[in-house]
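> quick one: sequence and predicted model below, then my questions.
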Number of protein chains: 4
Amino acid sequence: MNGQASPIRVAILGASGYTGAELVRLLARHPGVDIRALTADRKAGQTMAQAFPHLGGLDLPDLVRIEDLDFADIDLVFGCLPHGTMHGLVKRLPERVRVIDLSADFRLEDPAVYTEWYGLEHGATDLQPQAVYGLPELHRDAIRGARIVAGPGCYPTSVQIPLVPLARRGLIGLDDIIADSKSGVSGAGRAAKEANLHTEVSEGIHAYGVTRHRHVAEIEQGLRWATGRDVTVTFTPHLMPMNRGILSTIYVSLVEGVGVDDLRVALAEHYAGEPFVRVLPAGGVPATRHVRGANHVLIGVFPDRRPGHAIVICVEDNLVKGASGQLVQCMNVMYGFPETQGLEQLALFP
Amino acid sequence: MNGQASPIRVAILGASGYTGAELVRLLARHPGVDIRALTADRKAGQTMAQAFPHLGGLDLPDLVRIEDLDFADIDLVFGCLPHGTMHGLVKRLPERVRVIDLSADFRLEDPAVYTEWYGLEHGATDLQPQAVYGLPELHRDAIRGARIVAGPGCYPTSVQIPLVPLARRGLIGLDDIIADSKSGVSGAGRAAKEANLHTEVSEGIHAYGVTRHRHVAEIEQGLRWATGRDVTVTFTPHLMPMNRGILSTIYVSLVEGVGVDDLRVALAEHYAGEPFVRVLPAGGVPATRHVRGANHVLIGVFPDRRPGHAIVICVEDNLVKGASGQLVQCMNVMYGFPETQGLEQLALFP
Amino acid sequence: MNGQASPIRVAILGASGYTGAELVRLLARHPGVDIRALTADRKAGQTMAQAFPHLGGLDLPDLVRIEDLDFADIDLVFGCLPHGTMHGLVKRLPERVRVIDLSADFRLEDPAVYTEWYGLEHGATDLQPQAVYGLPELHRDAIRGARIVAGPGCYPTSVQIPLVPLARRGLIGLDDIIADSKSGVSGAGRAAKEANLHTEVSEGIHAYGVTRHRHVAEIEQGLRWATGRDVTVTFTPHLMPMNRGILSTIYVSLVEGVGVDDLRVALAEHYAGEPFVRVLPAGGVPATRHVRGANHVLIGVFPDRRPGHAIVICVEDNLVKGASGQLVQCMNVMYGFPETQGLEQLALFP
Amino acid sequence: MNGQASPIRVAILGASGYTGAELVRLLARHPGVDIRALTADRKAGQTMAQAFPHLGGLDLPDLVRIEDLDFADIDLVFGCLPHGTMHGLVKRLPERVRVIDLSADFRLEDPAVYTEWYGLEHGATDLQPQAVYGLPELHRDAIRGARIVAGPGCYPTSVQIPLVPLARRGLIGLDDIIADSKSGVSGAGRAAKEANLHTEVSEGIHAYGVTRHRHVAEIEQGLRWATGRDVTVTFTPHLMPMNRGILSTIYVSLVEGVGVDDLRVALAEHYAGEPFVRVLPAGGVPATRHVRGANHVLIGVFPDRRPGHAIVICVEDNLVKGASGQLVQCMNVMYGFPETQGLEQLALFP
């Protein structure tokens, strides 16, 4: 940490889920971090290697119930719990403890929007104004000094990274944005549900949450931040027979006088120097398998057959850049670590 | 068989590919058909069970080269060859022999459009006017008496079945149709290509042929037939890590005064009585795995978050309704068999 | 049906599981069967199309609780319930009603062995002697007149079909039989368990139940019936990242004077005329995908590098020949239908 | 790097295959290595990012033909070429250049055995005696000073690691060893073959090379080295519908007086301190997904139902510990790097 004497002491809440395990995978090799506590509810008492044998052989604390966690020796809390659980919890934390949360609880600045989409009262409206949206490429400065960082949703990351710079620069129409997204199964978590059995998911595809997936609120908020006006987006998620990866195919109209190449150039300029965003040259086709296990985002820009339109395709690993990797990136920003630390792994292919 | 004395004698050209094998699977149990000849180029001399062990145990003719095939005792030829091969071949067939072709060679009524998309001169412009587009739900009467039937492409089937009735009735806008399609790997055929290896395809997704996939010409032709005017469609195919299935997510605008439910009702009315098309009730979500191995198409109609728009989702098995099953259905129409004969199998799930 | 006036009236208990759905898939097209009742516990009140959309469009009774089922108009009950549930249930059935059960409850002739492996008292020791083991190729005559047929386990089917004829003829050693079996995930059923999620199962393999899988009792019973002596078998099941299929690789020693080809000849002779068992010629390699969705078993016999030994490989679809297809086959035998009726479908590949 | 002034300069021959790409993945983050040259035949002239987009964004040399490679500034050559190509090539290398080869060309000490299994004359019988078998856990000292290291086959690694210590200590019988192995598809390489298409491989399994897979020669050589006597092993490989991973289920007899736990203890003792081998406690079940992308081997030891026998299960990632990772490990040994350098990544799950 650039001169920090000792590693930051970290607790991961919800470590028996996939995003928790992915945090462990990334943080276990991070020289600035000491994983001090791992919580799990149903699996409390187990070792992490019992819950996730692929993490066996590491020197990790056992899983404990959150109630049994002492925050006195924790500097930073990672929240990998379901939405609705973090408001009350963060309120009870010592002021000194920073929080990077992956639930939706602090993502939406307007508590009414939170209630509309999540069906719950917002339990920490006093803290919400302190929360910063944790997409470093778009909100790096605010993240740096934040106490509470709200890690973005997996889909919203894959849509905002390509669209926000285009919308900000006024290159695309705002009334006919369509994001057709496709996600691997790990986004659904580790809960035992019939719908996510191998037998139910493999060798087939389907859309879900058509028109009413909660992530749309987050996408629209991001576009409002970028443009200063309300934007309504069509967003259709689909479940893919694979574990990792999100691909968003985004259909946009071009503002008068703007060409397809202008979009590519604008994105390339905006993300020049960013270690985790790669804008492909014309004709380059992003594939989720090229970022499997890595924190990278790939963007391709294509002409549309209809004049005045373009197609932007963005891929990420939903568990890395779409979740835990992005949290680690936020942590690096918050604590002054090199932004790529712990995130150097290349994609695993095949 | 409507009183026909003896089974029709069938030849399948290109039987060593997946669509050829799928024809055998369906026709082997069809009481009105006698499979007389199977051709293959590289695998000539092999038994069908060598080329496709899952078809072992049947009494099938061995694979021969097309040059060694005697059409004297053939009534009907199924073409499962690449485009560019059928024009010359059909010209040489006895007038008496009927043809159901799955290549693109007879699908496009305008030879110039064929040349534009396939880069080849049309080799049988004299025969093209006799060719009928083999989508029974939309062109049944013409198919009945046709000598040459052009089996539709897999993607165009999944887009035209939901869109043509809506376009015909003037319920949707024609200037902003977007079809975001997702296909299993079997659509790419059995040719040994690096891009289709298990290692390259599984656990990942990508778009391909963005803006310039050939099937768009066929989709636009179908919409022109339906509306009498030229239509330009945005069409983006994606490759899925599964073998069978196509899902097309289609974004449309609604003509003034038309609601989402009107689309569903119109489709339900149009396909009432059709054995292979099922329009799902509101909220019903089509999945490719629900039609795996079956000749069925499922359609779901959803509201779009943007007012005045709707989302139509259509699924099929690309090798059955998207290819060989549809050919068998055409044959049933042509020869007066019950239209479901040979196509009674239910979907295989899981 | 051999002159039977009307179709047999069938109830399927546990129709919301995969083996129940598979029975519906097969029986819905069987001309001698009328599906009168479908039971489910948690999903009672749903239509079958809600529980299994791939079976939509059929005219099926809704799912009811087993308590609400009236056996007065049922001729035959198919049991697709967990072990431990059928003993009491069969006792309460009218004597007139025949039963084909897929649980383990009636498979083991010795109640003590049942208790040893399943940890339960046998609840119908009076009925057990009437129960017939439902492997038609090995027990056809007994099945014909049986009132209670116990459908074999998926693994035991794949091991007994190749081994029983060899053991009966005294061609193989009985002290060193090893069956290394590999199964698709559907064998684990539709219960929502973390271990069977797509994320947990795909892209990886592992053994399970090493040394202590319950099916070993059934395999050893089959070999005892075949030889008149106790046999101990090594059996190791493995979970495969696929939905359907079992492949058993069986290592055997040859009795003095017996060669590898003798095994193949013996099996070919024994199964000559059997519609569902195919012994491959030398060099033929069985693959599960060649029987996907079909009721067939393929057997290959190979030399072992160690002299005096052989390797026998057997494949089946665990949901068809390893479960529901075999039940239908038993029903055909019991009611005098042609044995292949309802089971004519060819394998689905790819 | 133990005081070495500058990174070692490395060439990877056959970098357009999976093992070549995997080497790049691992070496690109290795502080002691400078990747100076990458060769490919068909793809010469391409950038590495064109051949393998997941490696885009790295500063790598373009692919060149091997003929165009200047060995003057190369210290170490990694061979990822097919067998039969390395004998001649190594002969032409400057004496100063060290070689770690993944082909079979230098694995078998007896040229006659090489010829028997590979059907080729051994083209460098003079060099063969210098070659060291590159399994660090078993041959570390010899590797340290070797000029030519022969990287073991993927299957032999998974069989020798568990068996060699047991055989050396005389705990197991040598006349009835059976290795039933299961491998992911990446072991077949990137060559475009029909048999390895997604459509041919997914959703199904089969054995291949029964009795006559070449790796058996290597396994038997390893056991001969361990015991001083000839050993014949039964080895049956199976192809799994997954990309990465090998699981070998090994059936052994116990020498009089030896118990199952003795095997586990012996292995645990032998591999104590080894960073990449983990012997699981009793009941621990190794799964390939727990080592996906990592250089680890997991071993489980189980009782067999037949008294006096045991089952040993070993898993690895065939592209890492079974191929490129082991090469990097050998390099670390040869050059005095910490043995885990470049190999610290944890497994990727799910």
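Cool, got the structure.

> separation between the residue in the stretch 101-250 of chain A positioned nearest to chain B and chain D?
Of the stretch 101-250 of chain A, the residue with the smallest distance to chain B, taken as C-beta to the nearest C-beta, is residue A:204 at 2.9 Å. (C-beta placed from N, C-alpha, C; glycine too.) Computed with C-beta to the nearest C-beta, to the nearest Å, the distance linking residue A:204 and chain D is 11 Å.

> which non-adjacent residue is nearest that residue?
In space, and not counting its chain neighbours, residue A:204 is closest to residue B:289: 2.9 Å by C-beta to C-beta, 6 or more residues apart in numbering or on different chains.

> what's around that neighbour, how many residues?
A count of nearby residues for residue B:289, using other C-beta atoms under 10 Å in any protein chain shown, gives 28.

> next one: residue A:16
When counting by other C-beta under 10 Å, one arrives at 23 neighbours for residue A:16.

> low-confidence regions, chain A specifically.
A:1-5 (pLDDT under 70).

> which ones are touching the closest residue to chain D within the stretch 1-150 of chain A?
Closest contact between the stretch 1-150 of chain A and chain D, by C-beta to the nearest C-beta, is at residue A:54 (3.9 Å). Under the criterion of C-beta atoms under 8 Å, 6 or more residues apart in numbering or on different chains, the contact partners of residue A:54 comprise A:21, D:289, D:290, D:291, D:292, D:294, D:346, D:347, D:348, D:349.

> that one belongs to a helix, doesn't it?
Yes: secondary structure of residue A:54, determined by DSSP: H, G, I helix; E, B strand; the rest coil: located in a helix.

> distance check, it against residue D:241.
Here the criterion is C-beta to C-beta, to the nearest Å. By it, residue A:54 lies 20 Å from residue D:241.

> follow-up on the earlier one: out of the contacts of residue A:54, give me the one that has the most neighbours.
Among those, residue D:291 has more neighbours than the rest - 34 neighbours, counting by other C-beta under 10 Å.

> give me every residue that touches that one.
Taking C-beta under 8 Å, 6+ apart as the criterion, residue D:291 is in contact with A:54, D:245, D:297, D:298, D:315, D:316, D:317, D:320, D:321, D:347.

> do residue A:311 as well
The neighbourhood of residue A:311, defined by C-beta under 8 Å, 6+ apart, consists of A:249, A:250, A:251, A:252, A:301, A:302, A:303, A:304, B:210, B:211, B:234, B:236.

> check residue A:274 too.
Counting by C-beta under 8 Å, 6+ apart, residue A:274 has contacts residue A:137.

> and it, helix, strand or coil?
What three-state DSSP gives for residue A:274 is coil.

> state the helix or strand in which residue A:327 lies.
Mapping residue A:327 onto the secondary structure by DSSP states H and E places it in helix A:325-335.

> can you pull the residues of chain A lying near chain C?
Listed as neighbours of chain C in chain A under the rule C-beta under 8 Å from any C-beta of the partner chain: A:18, A:185-186, A:190-194, A:196-203, A:241-243.

> narrow those residues to just the buried residues.
Burial by neighbour count, judged by 16 or more other C-beta atoms under 10 Å in any protein chain shown, picks out A:18, A:185-186, A:190, A:196-203, A:241-243 from the residues of chain A next to chain C.

> thinking again about what came up before, mind putting the contacts of residue A:54 into CSV with secondary structure?
Rendered in CSV, the data for these read as follows (three-state DSSP):
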residue, secondary structure
A:21, helix
D:289, helix
D:290, helix
D:291, coil
D:292, coil
D:294, coil
D:346, coil
D:347, coil
D:348, coil
D:349, coil
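
> so residue A:133 sits right up against residue A:101, yeah?
No: the pair residue A:133 and residue A:101 fails to qualify as a contact (C-beta atoms under 8 Å) at a distance of 11.1 Å.

> now the common contact residues for those two.
Listed as contacting both residue A:133 and residue A:101 by C-beta under 8 Å, 6+ apart are A:149, A:150.

> and the helix holding residue A:327, does that touch chain D?
No: judged by C-beta under 8 Å from any C-beta, helix A:325-335 and chain D are separated, with a smallest distance of 12.1 Å.

> for the stretch 201-350 of chain A, list the residues in contact with chain D, please.
Neighbours of chain D within the stretch 201-350 of chain A, by C-beta under 8 Å from any C-beta: A:202-203, A:243-244, A:278, A:287, A:289-294, A:296, A:344-350.

> who's more crowded, residue A:133 and residue A:101?
Summary of the neighbour comparison: residue A:133 and residue A:101, criterion other C-beta under 10 Å, with residue A:101 having more neighbours (27 against 24).

> how about the more buried one: what's its closest non-neighbour residue?
For residue A:101, the nearest residue in space outside its immediate sequence neighbours is residue A:79; the separation is 3.8 Å by C-beta to C-beta, 6+ apart.

> please, where are all the strands along the stretch 51-200 of chain A?
Shown for the stretch 51-200 of chain A, the strands assigned by DSSP state E, counting those that start in this stretch span residues A:63-64, A:76-79, A:98-101, A:131-133, A:148-150, A:178-183.

> now the shortest one: how far from the chain's centre is it?
Pointing back at strand A:63-64 there. Relative to the chain's own centre, strand A:63-64 is displaced by 25 Å; criterion: C-alpha atoms, centre = their mean, to the nearest Å.

> residue A:211 - how many residues pack around it?
One way to gauge burial is a neighbour count; for residue A:211, by other C-beta under 10 Å, it gives 17.

> cool, the one 5 residues further on as well?
Burial of residue A:216 is recorded as 24 neighbouring residues (other C-beta under 10 Å).

> that one against residue A:231, yeah?
No: in terms of C-beta under 8 Å, residue A:216 does not count as a neighbour of residue A:231; the distance is 10.5 Å.

> all helices for chain A, in order.
For chain A, the helices defined by DSSP state H cover A:18-27, A:48-51, A:86-92, A:111-118, A:136-144, A:154-168, A:198-201, A:215-227, A:260-271, A:325-335.

> redo the ones you listed as CSV? Include distance to chain B.
As requested, the helices of chain A are exported to CSV (distance: least, C-beta to the nearest C-beta, whole Å):
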stretch, distance to chain B
helix A:18-27, 15
helix A:48-51, 23
helix A:86-92, 27
helix A:111-118, 12
helix A:136-144, 23
helix A:154-168, 12
helix A:198-201, 4
helix A:215-227, 7
helix A:260-271, 10
helix A:325-335, 17
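
> mind giving me the domain split of chain A?
By the assignment in automatic domain parsing, chain A contains the domains A:8-152+A:322-335, A:155-318.

> report the buried residues of stretch A:173-180.
A:173, A:174, A:176, A:177, A:178, A:179, A:180.

> just give the closest residue to whatever residue of the stretch 101-250 of chain A ends up closest to chain D, not the sequence neighbours.
Residue nearest to chain D within the stretch 101-250 of chain A (C-beta to the nearest C-beta): residue A:243, separated by 4.5 Å. Spatial nearest neighbour of residue A:243, excluding adjacent residues (C-beta to C-beta, 6+ apart): residue D:350 at 4.5 Å.

> which ones are touching that neighbour?
Residue D:350 makes contact with A:18, A:185, A:186, A:243, A:244, C:199, C:200, C:202, C:203, D:289, according to C-beta under 8 Å, 6+ apart.
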